[in-house]
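**Student:** heads up, no residue letters with this:
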């Protein structure tokens, strides 16, 4: 089993920055790819970013490319999502997830955190 806990969410004005953290615990939690997803009210959960277990490969949704950066520190079993130049449309609950069950951009991961709210005001 792997447990994931997100933190770092909050409220910021447009143009601001936040850094989300996803702390993992449990067996082999550092060996899985980890993704970030987000879900806004009334919308489906959507892919934001993914990082391979080594950190050598990263993938981003077009909507966040160039503004968000995903990284990981396996020694700390933590994955980060640095979010810069935030826009009101980035407002959502952000979830981290480990061990994708298929295509990495689909929300079919084995393990999920509880989510952290990000609110961006204009």
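**Tutor:** That came through, no problem. This one's a predicted model, so the numbers in the text were calculated from it and none came from an experiment.

**Student:** what bridges to the residue most central in space within the chain?
**Tutor:** By Cα atoms, centre = their mean, the chain has its centre lying nearest to residue 36, at 2.4 Å. Under DSSP bridges, the beta-bridge partners of residue 36 are residue 49, residue 96.

**Student:** do residue 69 as well
**Tutor:** Bridge pairing for residue 69 - DSSP bridges - gives residue 82.

**Student:** Then residue 121?
**Tutor:** In beta-bridge terms (that is, DSSP bridges), residue 121 pairs with residue 13.

**Student:** Report the separation between the residue nearest to the centre of the chain and residue 27.
**Tutor:** Per Cβ to Cβ, to the nearest Å, residue 36 is found 22 Å from residue 27. The C-beta positions use only the backbone N, C-alpha and C, and glycine is treated the same way.

**Student:** With residue 78 instead?
**Tutor:** Using Cβ to Cβ, one gets 16 Å for the distance from residue 78 to residue 27.

**Student:** for residue 67, same thing?
**Tutor:** According to Cβ to Cβ, residue 67 and residue 27 sit 34 Å apart.

**Student:** Those two: who's more crowded?
**Tutor:** residue 67 (15 against 8; other Cβ atoms under 10 Å).

**Student:** shouldn't that one be in contact with residue 81?
**Tutor:** No - contact criterion Cβ atoms under 8 Å: residue 67 and residue 81 do not qualify, at 10.8 Å.

**Student:** Is it correct that residue 100 is in contact with residue 50?
**Tutor:** Yes - with contacts counted by Cβ under 8 Å, residue 100 reaches residue 50, the gap being 7.5 Å.

**Student:** residues shared between the contacts of the two?
**Tutor:** Common neighbours of residue 100 and residue 50 (criterion: Cβ atoms under 8 Å, 6 or more residues apart in numbering): 33, 35.

**Student:** In contact with residue 112, which residues are there?
**Tutor:** Applying Cβ under 8 Å, 6+ apart to residue 112 gives the contacts 4, 95-97.

**Student:** Out of those residues, flag the one nearest to residue 41.
**Tutor:** Nearest to residue 41 among the contacts of residue 112, counting by Cβ to Cβ, is residue 95 at 14.4 Å.
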